[in-house]
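*Asks:* model the structure of this input:
(2 chains)
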There are 2 protein chains.
Amino acid sequence: MLNVHLVAHTHDDVGWLKTVDQYFYGIQNDVQHAGVQYILDSVISSLLVEPTRRFIYVEIAFFSRWWHQQTNATQEVVRELVRQGRLEFANGGWVMNDEAATHYGAIIDQMTLGLRFLENTFGKDGRPRVAWHIDPFGHSREQASLFAQMGFDGFFFGRLDYQDKGLRKKKQEMEQVWRASASLKPPVADLFTSVLPNMYNPPEKLCWDTLCADKPFVEDPRSPEYNAKELVDYFLQLATAQQANGSRVNVLYSTPACYLWELNKANLTWSVKQDDFFPYADGPYKFWTGYFSSRPALKRYERLSYNFLQVCNQLEALAGPAANVGPYGSGDSAPLNEAMAVLQHHDAVSGTSRQHVADDYARQLAAGWGPCEVLLSNALARLSGSKEDFTYCRNLNISVCPLSQTSKSFQVIIYNPLGRKVDWMVRLPVSEHFFDVRDPNGTVVPSDVVINPSSDNSELLFSASVPALGFSVYSVTQVPGQSLHAHNRHPRSQKSWSRDLAIQNEHLRARFDPDTGLLVELENLDQNLLLPVRQAFYWYNASVGNSLSSQASGAYIFRPDRQKPLIVSHWAQTRVVKTPLVQEVHQNFSAWCSQVVRLYPGQRHLELEWTVGPIPVGDGWGKEVISRFDTVLDTKGLFYTDSNGREILERRRDYRPTWKLNQTEPVAGNYYPVNSRIYIRDGKTQLTVLTDRSQGGSSLKDGSVELMVHRRLLKDDGRGVGEPLLEGGLGLWVRGRHLVLLDKVSAAATRHRLQAEKELLAPQVVLAPGGGAPYHPGVAPLKQFSGLRRELPPSVHLLTLARWDRTLLLLRLEHQFAVGEGSGNWSSPVTVNLKDLFSAFTITDLQETTLAANQLRAGASRLKWTPATGPAPQPPPPRLDPAAITLQPMEIRTFLALVQWEELG
Amino acid sequence: MLNVHLVAHTHDDVGWLKTVDQYFYGIQNDVQHAGVQYILDSVISSLLVEPTRRFIYVEIAFFSRWWHQQTNATQEVVRELVRQGRLEFANGGWVMNDEAATHYGAIIDQMTLGLRFLENTFGKDGRPRVAWHIDPFGHSREQASLFAQMGFDGFFFGRLDYQDKGLRKKKQEMEQVWRASASLKPPVADLFTSVLPNMYNPPEKLCWDTLCADKPFVEDPRSPEYNAKELVDYFLQLATAQQANGSRVNVLYSTPACYLWELNKANLTWSVKQDDFFPYADGPYKFWTGYFSSRPALKRYERLSYNFLQVCNQLEALAGPAANVGPYGSGDSAPLNEAMAVLQHHDAVSGTSRQHVADDYARQLAAGWGPCEVLLSNALARLSGSKEDFTYCRNLNISVCPLSQTSKSFQVIIYNPLGRKVDWMVRLPVSEHFFDVRDPNGTVVPSDVVINPSSDNSELLFSASVPALGFSVYSVTQVPGQSLHAHNRHPRSQKSWSRDLAIQNEHLRARFDPDTGLLVELENLDQNLLLPVRQAFYWYNASVGNSLSSQASGAYIFRPDRQKPLIVSHWAQTRVVKTPLVQEVHQNFSAWCSQVVRLYPGQRHLELEWTVGPIPVGDGWGKEVISRFDTVLDTKGLFYTDSNGREILERRRDYRPTWKLNQTEPVAGNYYPVNSRIYIRDGKTQLTVLTDRSQGGSSLKDGSVELMVHRRLLKDDGRGVGEPLLEGGLGLWVRGRHLVLLDKVSAAATRHRLQAEKELLAPQVVLAPGGGAPYHPGVAPLKQFSGLRRELPPSVHLLTLARWDRTLLLLRLEHQFAVGEGSGNWSSPVTVNLKDLFSAFTITDLQETTLAANQLRAGASRLKWTPATGPAPQPPPPRLDPAAITLQPMEIRTFLALVQWEELG
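*Replies:* Residues are numbered from 1 along each chain as shown, chains lettered A, B, ... in the order given. Predicted structure coming up:
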């Protein structure tokens, strides 16, 4: 008997051609006929009609909204359907997240949000057993690893390289075990993975979706449209094509979980996949590698919001209920948490939505920041004991902050979300004066006011030191009477200045070609490494289709018209700023491309702050702008990119690990997602570039690394979005940072892991005019606070600290080094004592859960699949001793902690 | 309190852009997203969700099909919804019929079919109380009269002239009493009529149909799409705009019947409408008068099928159950009855469907003919007593009939569906021989074989005499040895023949201009009337839009580019045929336009058999071809057209009876539907033209009459059909007949009424090779049969004689003259004795019903409305005495007769 499992599902984009609300309510149905509320309404009534029917639902952002609008009676009906398994949830994240432009922390957060709704609403009955990513445009290994750690029985997806798919079909290898981590011991990150035969679509001729026009089933033989026999025959032919020998066919309404359960009973052995499914091409010349970089401003806003959400979560956890209700009103992390979850959708952070939808994503983030700012104010007032008039300068990236620019004195509160003390160079726009800056102890610290030679804006710089998971309050006072003699106001251009154009600190030296103004050399003074590194900006001319293929470059697809990019300028106009607190080379390449190369004292990386845009397209040429670093490193075709900001994958030019590639796009076909870092190395030296957002990157010749920083296109690429990626009338002005590290290979990971952590969870700067009333009358305010009684070891990343409910906190600890990666013992297992670790609360009980916190780890079980490499038995969960939480390399452990907050102040 | 009645409805075209089956099943949803089965499914579940919801359904062609596919459980649920009034039927015809191109007989049939389904399925609960024509493109007075006689409380429609509507809105006269007959005594044909404010659409901004994209109601104030308050305010503003003074608003789900019921209780007085709503224009230059003539071949096929269906119905009634099960298999009138009902749909016979849909309409008719042919064979064998091998020559119109063309002897059975004996010229294609033709008594009758000078086909002509509601069997035998010396084979063309080109019989003389070959004079020899009548073909150049309006001529809309038509040819090549049995002038105007002008002995009208097409459009000009008769009659701007083949309406050029017309289209704006006749007259003389199908017609100058016979267009007219009216690659070749009558005004109606009746229900010719076995062994066959024991009076038309069920017949008798119309006493009341009238059965019980036979007349009551002209009380129904059924002028009386069939043979 051949069982044919019919899986009825819907694929509801959480924003794409329409905004989330427009999809939910069915607004702008002329753009796309879709109203999720009606889908759910009609699914429920259809399920009620016929008890053998099944349906799966996926996107909890939509489902939870629909749920809250139902009557109690309908909710009861739905609960019963879920209980009976007739309505089953698959995946269960808030959204079906993108896998290329997402950071693992945000993926975990969004999955946690969705799965938590299901757990709260339906209990165990609503818990998804399978991961279901039928649309994302390529699949990351880290995603599979996370899904495995969330306890899924298996994973279904739709899109993979057409060559790969063709071979898999031929080799009957559409299902495999994916071993998704090089560090985690199997089967921890093993995930049974099934490639859907026809993407998210039903078989040809059987699409009765509202978007299709296939002929429905007509049973009445008197109708001229009668086709029942023909369709049944066709269906049987499709079904029996899946088996070697004919047998009877049993067709059932099913779900992916039910299918997996049945398949698992067959007790087969599966081949093992160890790499990932990037890049995705759906045909020759059709590489979906453009979206790695599309909408760089949104990608940065998302990453910045991740940072802010973690700060918000931490302060909510540290301050307890006082964070939510306090002198500044109702503080709430939920809106930003939900907005961030929405941003993980595979048309959101991916940059593949329509413009007005992208605008709405940004609006959602911005709307989420507000309640978090209230929460921060409540929490900071509570923790510091001072009800300051806190101000959040959201426009610091363009050096706008009214308080610092107009006040003669103000306070700077710097919150550090890391588990270790941090030193951070604070930069604030100020008026042209001298300022007196004092640390929490009242000690004057070095400060400087630097005038930006390009913009003439003046900024106050001082280095702040902030304790782990805590804050320091610095006081800034204008020095009266003394107007600024702009010692850096008109730095001489390099031409007239010196033949030796370089910046340097105690660790690093960067040298520039005095003729061209380009970076040409980097020297690690500590490790005595010197590497010629030429950095410049180039652009690819976006293809609008050619004789080989009509495929144009677009929001999804990257296709350069010629494989060789054009240089923006061979020559940069440069200005240099050198003060005790900063050394900068300002490079101006063109009206729309400039860069500041920067070194602060003590900094072990070179910071390249690039500003690109608005990209001119008046010449009719869409442009895809890259920053390229060329070195002499003999990299033998290899380079390395991170997977969702966590583990590193080796990439080889014009090569795929599991099949012989027929390369049609020598540039686009070698692009990979860079979520946080890319590096190249020879036997000795490693050049690492950290990014501040997801970008596409590659190494197209040995010794070279490139990252796509911005793109602006004049044609749609025919994948449905139906708009060229123009980003408004003039286009966008995008600013970002590349941090370049030059290290010995053996020392590299130690450096880039910690530096990337610091970038991801940067300190949050909050301003206040000062003079606030005491929070607890009569109790003096605190100028410095740490939420930890002791710092976490360097290999331990505090991935999550967040309020779960009235009495529980969600806590995730992560070993942030891979096996064999860290120098010294940083890749060794590390143990943390949670007892009395936190200063703000006491943990009275601790339970360990799976990664998304929707089930206890002890009770969780997954289907066991036998890999061809031999069985990998699931070890028993580690004993839970709060005093000794041990983390293996790359391990994340998730806890729900029952806490009691300390009486503060 | 202002009550706002929300009427939830759907408008389901029984074919338009898609075929009936495609709409029902939801096939070709890329053409139009519509699947009626799903509409009904979802309506039922929506009604079940909320008991205050109401829905009306209209098109029984769809509903009955859906019903038969439901489970018993669903049927029970639906019955309960109907019982509770939550699902209510409006109109209840098989389709929502067209009003311009339909014949009243077919309208009554299709309404009867739909209403009968409802009555059988739901009883009184399912009986519609209102007529509902929200889409037809203009409204006929006869339609309103029929609806009144069917017992409807009121009538709702959507489309009327934009000027009319504007004024009505201003004058608050959107609702009126329509006095829909000039003959029937009020309130028999009075119908309360309500114009819907926005056609079939909801108010602007409130369209949430799948075809619209108005923003749905968003109640969540946190949504950026929140609009609940704005929409409620807008709705209230719309509602209160309907009242003089503000009051509270009560909004309820309602139905049109419920609305009428409430309105009726207000006991208001209503103005009275006496004309009709033709032509319909939805803006300046936008007259929907093209569809009066669109698809003339389909329009003729429909009319011919009406004829055949009545024959089929009658023979089913006369032969009893033997018609359904007999030697030829299962005979069934239902498929043709249903197909004819479908053809009445306002995009079917109107010619406004897409081409493939028009093809499917024709297919449905053709499929309906088959079971009727079986029925005819069964019935004729039973009634004649001879199991002949009956043959039906469906292609006689193009002179194709294999049996008559190849057999040396055969029988011709002629069935006459009229209540009076008829003489009919039989024409059959034959081989080139002489034939011996004998009547039922074996007497040789005159016959002739005529060779068509245009086609060289030879046709046998003989005049058959057939008794009322019966048949005559004629025998045809080829005269052996004698080949035809084609005495008419090569008629001399008029040029070389005579200066006097004329044809004539004992009643009529038609003279042609010997130079041009055109008809120039008609003389009624009996009445001593001579009228110069010039007849010729012209064509309007179809507008493709101009500076006044972008409106193009199309399937719906007639808009000539210039108001003056171009003549097809000033000159006709003519050939003359004159034999004892026929005189014909064959006129050839062009490669695509010809005509035969014909007189048979004894015939009192001139027959013009035109052949037009395929209309060439290679010159880029769409063409709309007319036949125009120009006379010197001083008609003072007046002309007369029938309303659905029954009562006559006076038309006045550039004039509307109820408002001052601003005429924008001097041609198209004066076109009216001609279903069966158009005439002009001065004080003395009337020129009447009878048509064989519905056509558009007008009188654009005094003394002139024109009829549009064919049209072929290159542009779509933007009313949704989305196809130019090209009718296939080459276009269609269309043949039809105009019967021209010249009479004294006083005698005209007598003539045209009876002649039109004879055209509508022409004899059915059936062939057989002869030599069939006896039906009842030992009983000699009958060569002649009449279903009536005595003829009906000339003023009585046997409108319907059909089997209703196992024991009942449906019988409709009609007085076919209007008040003051007939000469002598033909417009007087007439009495028929039904007792022993029929020879084939005995009526054992008789019940009178309303017109559609869905309720007993005695028990029927309608809402009473007070016209401004004073109350018109409903008289008690006439006493029912089968021996004396009295008909008033234009009255139709409908009966269900319990019968017992005679043992025949």
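*Asks:* which stretch of helix or strand covers the residue of the stretch 551-700 of chain A found nearest chain B?
*Replies:* Relative to chain B, the nearest point of the stretch 551-700 of chain A is A:Ala555 (22.8 Å; Cβ to the nearest Cβ). C-beta coordinates here come from the backbone N, C-alpha and C atoms, glycine included. Assigned by DSSP states H and E, A:Ala555 belongs to no helix or strand.
*Asks:* now for it, how many residues are close by?
*Replies:* 27 (other Cβ atoms under 10 Å in any protein chain shown).
*Asks:* that one and A:Leu726 touch, don't they?
*Replies:* No: A:Ala555 lies out of contact with A:Leu726 (Cβ atoms under 8 Å); the separation is 10.1 Å.
*Asks:* what touches both of these two?
*Replies:* Counting by Cβ atoms under 8 Å, 6 or more residues apart in numbering or on different chains, the residues touching both A:Ala555 and A:Leu726 are A:Leu713.
*Asks:* contact partners for the residue of the stretch 551-700 of chain A closest to chain B?
*Replies:* A:Gly290, A:Tyr291, A:Ser294, A:Gly351, A:Thr352, A:Leu713, A:Asp716, A:Asp717, A:Arg719, A:Val721, A:Glu723, A:Leu725.
*Asks:* can you add secondary structure and neighbour count and give these back as CSV?
*Replies:* Shown next, in CSV, are those (DSSP: H, G, I helix; E, B strand; the rest coil; neighbours: other Cβ atoms under 10 Å in any protein chain shown):
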residue, secondary structure, neighbour count
A:Gly290, coil, 29
A:Tyr291, coil, 33
A:Ser294, coil, 31
A:Gly351, coil, 28
A:Thr352, coil, 29
A:Leu713, coil, 28
A:Asp716, coil, 18
A:Asp717, coil, 27
A:Arg719, coil, 18
A:Val721, coil, 23
A:Glu723, coil, 18
A:Leu725, coil, 28
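*Asks:* for the residues you listed, which one is nearest A:Val58?
*Replies:* Of all the contacts of A:Ala555, A:Val58 sits closest to A:Thr352, with 18.3 Å by Cβ to Cβ.
*Asks:* how about that closest one, what does it touch?
*Replies:* Contact analysis of A:Thr352 by Cβ under 8 Å, 6+ apart lists A:Trp16, A:Phe137, A:Tyr291, A:Ser294, A:His346, A:Ala555, A:Tyr556, A:Arg719, A:Val721.
*Asks:* A:Arg354 is in contact with the first one, correct?
*Replies:* Yes: if you go by Cβ under 8 Å, A:Trp16 and A:Arg354 touch, sitting 7.2 Å apart.
*Asks:* comparing these two, which residue is more hemmed in?
*Replies:* When neighbours are counted by other Cβ under 10 Å, A:Trp16 and A:Arg354 differ, and A:Trp16 comes out ahead with 25 against 21.
*Asks:* relative to the whole chain's centre, how far out is the longest helix seen in chain A?
*Replies:* In chain A, assigned by DSSP state H, the helix with the most residues is helix A:355-384. Here helix A:355-384 is found 18 Å from its chain centre; the criterion is Cα atoms, centre = their mean, to the nearest Å.
*Asks:* same check, this time on stretch A:419-433
*Replies:* Distance of stretch A:419-433 from its chain centroid, counting by Cα atoms, centre = their mean, is 26 Å.
*Asks:* just stretch A:426-438 next, same as before
*Replies:* Taking mean C-alpha positions (Cα atoms, centre = their mean), stretch A:426-438 and its chain are 34 Å apart.
*Asks:* mean confidence for it?
*Replies:* For stretch A:426-438, the mean per-residue pLDDT is 94.
*Asks:* what's in contact with that stretch?
*Replies:* Counting by Cβ under 8 Å, 6+ apart, A:393, A:396, A:399-401, A:404-406, A:412, A:414, A:444-447, A:449, A:451, A:457-464, A:474-479, A:482-484, A:486, A:765, A:767 sit against stretch A:426-438.
*Asks:* for that stretch, measure first residue to last.
*Replies:* 13 Å (Cα to Cα, to the nearest Å).
*Asks:* show me what from chain A comes close to chain B.
*Replies:* A:19, A:21-22, A:25-31, A:33, A:35, A:42, A:45, A:49, A:69, A:210, A:212-213, A:215-216, A:218-220, A:223-225, A:360, A:363 (Cβ under 8 Å from any Cβ of the partner chain).
*Asks:* one more time with 6 Å, if that's ok
*Replies:* A:21, A:25-27, A:29-30, A:45, A:213, A:215-216, A:218, A:223-225 (Cβ under 6 Å from any Cβ of the partner chain).
*Asks:* ranking those by neighbours, who comes first?
*Replies:* A:Tyr25 (26 neighbours).
*Asks:* show me the domain layout of chain A.
*Replies:* For chain A, the structural domains run A:2-215+A:247-283, A:295-483, A:501-761, A:788-901, going by the TED database.
*Asks:* B:Glu757 is nearest to which of those?
*Replies:* With Cβ to Cβ, the closest approach to B:Glu757 among those belongs to domain A:2-215+A:247-283: 45.5 Å.
*Asks:* and the helices in chain A?
*Replies:* Going by DSSP H, chain A shows helices at A:20-25, A:36-49, A:60-68, A:72-83, A:104-122, A:141-150, A:162-171, A:228-240, A:256-265, A:296-319, A:334-343, A:355-384, A:402-406, A:745-760.
*Asks:* would you turn those into JSON lines with distance to B:Leu2 and mean pLDDT?
*Replies:* Below are those laid out as JSON lines (distance: least, Cβ to Cβ, whole Å; pLDDT from 0 to 100):
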{"stretch": "helix A:20-25", "distance to B:Leu2": "29", "mean pLDDT": "96"}
{"stretch": "helix A:36-49", "distance to B:Leu2": "31", "mean pLDDT": "93"}
{"stretch": "helix A:60-68", "distance to B:Leu2": "34", "mean pLDDT": "98"}
{"stretch": "helix A:72-83", "distance to B:Leu2": "32", "mean pLDDT": "97"}
{"stretch": "helix A:104-122", "distance to B:Leu2": "43", "mean pLDDT": "98"}
{"stretch": "helix A:141-150", "distance to B:Leu2": "57", "mean pLDDT": "98"}
{"stretch": "helix A:162-171", "distance to B:Leu2": "63", "mean pLDDT": "96"}
{"stretch": "helix A:228-240", "distance to B:Leu2": "52", "mean pLDDT": "93"}
{"stretch": "helix A:256-265", "distance to B:Leu2": "54", "mean pLDDT": "96"}
{"stretch": "helix A:296-319", "distance to B:Leu2": "50", "mean pLDDT": "98"}
{"stretch": "helix A:334-343", "distance to B:Leu2": "42", "mean pLDDT": "98"}
{"stretch": "helix A:355-384", "distance to B:Leu2": "39", "mean pLDDT": "97"}
{"stretch": "helix A:402-406", "distance to B:Leu2": "54", "mean pLDDT": "94"}
{"stretch": "helix A:745-760", "distance to B:Leu2": "62", "mean pLDDT": "95"}
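*Asks:* which phi and psi does the most far-flung residue of chain A relative to its centre have?
*Replies:* Centroid-distance maximum for chain A: A:Arg222 at 57.1 Å, with Cα atoms, centre = their mean. The phi/psi pair for A:Arg222 (degrees, to the nearest 10) reads phi -80, psi -20.
*Asks:* for it, give its distance to B:Tyr361.
*Replies:* 16 Å (Cβ to Cβ, to the nearest Å).
*Asks:* residues in contact with A:Asp135?
*Replies:* For A:Asp135, the contact set (Cβ atoms under 6 Å, 6 or more residues apart in numbering or on different chains) comprises A:Tyr200, A:His346.
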